[in-house]
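Trainee: How does the following fold in three dimensions:
(one chain, ligands or ions: 4)
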Amino acid sequence: MSHAINFFVSSPSRSPASLTISRPSAFVSTGSLRVPVKKSLRSLVVKASAASDLDESQSSPVLVSENGSGGVLSSVTKEYGRNNAVASSADSSSIEVDTVTEAELKENGFRSTRRTKLICTIGPATCGFEQLEALAVEGMNVARINMCHGTRDWHRMVIERVRRLNEEKGFAVAIMMDTEGSEIHMGDLGGASSAKAEDGEIWNFTVRAFDPPLPERTITVNYDGFAEDVKVGDDLLVDGGMVRFEVIEKIGPDVKCLCTDPGLLLPRANLTFWRDGKLVRERNAMLPTISSKDWLDIDFGIAEGVDFIAVSFVKSAEVIKHLKSYIKARARDGDIAVIAKIESIDSLRNLEEIIQASDGAMVARGDLGAQIPLEQVPSEQQKIVQLCRQLNRPVIVASQLLESMIEYPIPTRAEVADVSEAVRQRGDALMLSGESAMGQFPEKALTVLRTVSLRIERRWREQKRREVIELPSIASSFSDSISEEICNSAAKMANNLEVDALFVYTKNGHMASLLSRCRPDCPIFAFTTATSVRRRLNLQWGLMPFRLNYSDDMESNLNKTFSLLKARGMIKSGDLIIAVSDMLQSIQVMNVP
Ligand SMILES: Nc1ncnc2c1ncn2[C@@H]1O[C@H](COP(=O)(O)OP(=O)(O)O)[C@@H](O)[C@H]1O
Ligand SMILES: C=C(OP(=O)(O)O)C(=O)O
Ligand SMILES: [K+]
Ligand SMILES: [Mg+2]
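Mentor: Ligands and ions are numbered 1, 2, ... in the order given. Purely as a prediction, here's the structure:
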């Protein structure tokens, strides 16, 4: 049975506008309702239709293929072994389903699927095929590669492995490339994986180049102006203050520093220097956000077809606009989403316009915490998360979520509380950095993110504590406004009617993100025809993206989707769903036949 509200937008007409809602007598016996609408609007006819005209026999045949890749799967993967990714991509009557989503749905039902998305930075601890597979099984939605580290060949290998995993094993892991940016950072520690700086030790920070091994207690710095720009008495913060030094002497290219806060030095760690309690922004502040090396990395990312490019140390909206037009002119199929990393004072100053210009934002707390007082970071995080949601941009909360898990298998209580808070704020995604790139327990760290997310999401649903955040209108045209209103209403109806799932048919993903923005209680099944859109939707809260070829005929699309998902055991007869689409402006409420 289906109840449909269709918004038929007629051609522009100057006639008095009206909103008509009529319901078929089969459901409710009331007549039509006329509501005055603002002058000069076109008319919206809101019509309801009975569901009996949905004929299941019209639906397409179902294709469910077994994973034909053979080979030895780890025991975890066997559970997820059934997939049809390869077989189906060319088949118009099939659907591409993420094996992890499928298993989660079958095991726990709609309600308990995870809404918060998870990103893992890939590094030496996780770049093996089986390690990547273990992360995918554990729920990694996006793999991040940080161009600050590793060679292009290494990054290419990681991308190739992730793509192969997706193809062979039915995952839908997207790839995010993170630029190095024009930051000051240390060199490679002469090949050592880390070095310990102890309280009271004197280290030499130098712009000289050395062939390994480096002299003892020597750190090379990538910024030529470093030795000139620092002054005796400056504080030198490594990795946002994880280790701290005081500049005590300058001798030509060498800067002697006294360790005042001991800690672990990691290769290529970021450096900032502070004078009289303020961040020093000397010549390096004039360096371009996207360096010449970054442009080469971006060309590499475009050639490799990455899904997201995260831009480090964004200062203004201009650089984002510039990069987006650069990508548009060069990217082969579909575009690459540009994520603005909010990690500098300038980015906070121009926050709204930066977020507006980009396709998403990252609260990059590591560097942010080195540029503003630490105690200000939580409130900035909250503000950025909220603003992104209002402006309908996905937002990632990143850095040090589970820092202690680089070394220990169990997180601190404080870390769990931090993760919980990010989930409670309804950020779209959480990101692991060192924990997954070079930590000892990458999979365990991901499990913690997953289980904490699930737990907090469920608790908030059960308590019906939907945090009231005002969602301003963001539409830029009348037809956008209709999409926005439809999504707001559909999400509200979904909560009130306690439906099992929202279905959205969306070619470019816009309607899906508008639904996600409302953070409804039920999961959102997003059907799109493009593989690239599907992978990008992976970053957004509550969306389960599927790839499916569909027509402009909503009824046949619904029938086809129902049969395909039913055949895979992902939905069953009687499930209550609400469907919206960007082809036919409509809201349909129905039980799966
Ligand atoms: N591709 C890589 N190769 C080697 N080490 C890496 C790589 N990516 C990340 N790492 C390690 O993981 C740590 C955390 O990663 P991330 O937070 O992305 O970088 P950073 O600490 O430079 O901001 C890095 O400091 C580095 O030690
Ligand atoms: C995510 C961040 O950026 P990166 O790891 O590239 O320094 C950060 O600074 O928090
Ligand atoms: K980076
Ligand atoms: Mg950073």
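
Trainee: lowest-pLDDT helix or strand in the chain?
Mentor: Least confident element among the helices and strands of the chain, by mean pLDDT, DSSP states H and E: strand 33-36 (a mean of 30).

Trainee: Report the secondary structure element holding the closest residue to ligand 2 within the chain.
Mentor: Distances between the chain and ligand 2 by Cβ to the nearest ligand atom are smallest at Gly366, namely 2.9 Å. Quick note: C-beta positions are derived from backbone N, CA and C, even for glycine. Following DSSP states H and E, one finds Gly366 within helix 365-371.

Trainee: For the following helix or strand past that helix, output the C-alpha coordinates as PDB.
Mentor: Next in sequence after helix 365-371, counting helices and strands by DSSP H and E, comes helix 377-390. Only the C-alpha atoms of helix 377-390 are listed here, as PDB (Å, rounded to 0.1, in the frame of the first residue of the first chain):
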ATOM      1  CA  VAL A 377      39.300  23.800  20.100                       C
ATOM      2  CA  PRO A 378      36.200  22.100  21.500                       C
ATOM      3  CA  SER A 379      34.000  25.100  21.000                       C
ATOM      4  CA  GLU A 380      35.400  25.700  17.500                       C
ATOM      5  CA  GLN A 381      34.700  22.100  16.700                       C
ATOM      6  CA  GLN A 382      31.100  22.400  17.800                       C
ATOM      7  CA  LYS A 383      30.700  25.600  15.800                       C
ATOM      8  CA  ILE A 384      32.200  24.100  12.600                       C
ATOM      9  CA  VAL A 385      30.100  20.900  12.800                       C
ATOM     10  CA  GLN A 386      26.900  22.900  13.300                       C
ATOM     11  CA  LEU A 387      27.700  25.400  10.500                       C
ATOM     12  CA  CYS A 388      28.500  22.600   8.100                       C
ATOM     13  CA  ARG A 389      25.200  21.000   8.800                       C
ATOM     14  CA  GLN A 390      23.300  24.200   8.300                       C
END
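
Trainee: which helices and strands does helix 377-390 pack with?
Mentor: helix 351-357, strand 360-364, helix 365-371, strand 395-398, helix 413-424 (3 or more Cβ pairs under 8 Å, 6 or more residues apart in numbering; DSSP states H and E).

Trainee: Contact partners for whichever residue of the stretch 401-550 of the chain sits closest to ligand 3?
Mentor: Going by Cβ to the ion, ligand 3 is nearest to Ser433 of the stretch 401-550 of the chain, at 9.6 Å. Residues near Ser433 by Cβ atoms under 8 Å, 6 or more residues apart in numbering: 121, 146, 366, 398-400.

Trainee: which of those come close to ligand 1?
Mentor: 121, 146, 366 (Cβ under 6 Å from any ligand atom).

Trainee: count of neighbours near the first one?
Mentor: Spelled out, it's Thr121. 26 (other Cβ atoms under 10 Å).

Trainee: what about it, distance to Asn488?
Mentor: Distance of Thr121 to Asn488, computed by Cβ to Cβ, to the nearest Å: 35 Å.

Trainee: Next: the last one.
Mentor: Spatial separation of Gly366 from Asn488 under the definition Cβ to Cβ is 35 Å.

Trainee: what about Cys202, neighbour count?
Mentor: Careful, residue 202 is Ile; it's not Cys. There are 12 residues near Ile202, going by other Cβ under 10 Å.

Trainee: next one: the one 3 residues further on
Mentor: Using other Cβ under 10 Å as the criterion, Phe205 is surrounded by 25 other residues.

Trainee: Surely it is in contact with Phe226?
Mentor: Yes. Using Cβ atoms under 8 Å, Phe205 is in contact with Phe226, at 7.2 Å.

Trainee: what's near enough to touch the closest residue to Phe210 other than its chain neighbours?
Mentor: Nearest non-adjacent residue to Phe210, counting by Cβ to Cβ, 6 or more residues apart in numbering: Thr220, 6.4 Å away. By Cβ under 8 Å, 6+ apart, the contact set of Thr220 is 186-188, 205-210, 214.

Trainee: Tell me the buried residues in the helix or strand that contains Leu135?
Mentor: Assigned by DSSP H and E, Leu135 falls within helix 129-137. Neighbour counts using 16 or more other Cβ atoms under 10 Å place 131-137 of helix 129-137 among the buried residues.

Trainee: tell me the domain ranges of this protein?
Mentor: 1-53, 117-182+287-462, 189-283 (automatic domain parsing).

Trainee: Disregarding residues adjacent in the polypeptide, which is nearest to the residue of the stretch 301-450 of the chain found nearest ligand 3?
Mentor: Relative to ligand 3, the nearest point of the stretch 301-450 of the chain is Ser312 (4.5 Å; Cβ to the ion). Nearest non-adjacent residue to Ser312, counting by Cβ to Cβ, 6+ apart: Gly181, 3.1 Å away.

Trainee: And for Ile345?
Mentor: Gln371 (5.2 Å).

Trainee: can I assume that neighbour is in contact with Asp346?
Mentor: No. Between Gln371 and Asp346 there is no contact, the gap being 9.0 Å when judged by Cβ under 8 Å.
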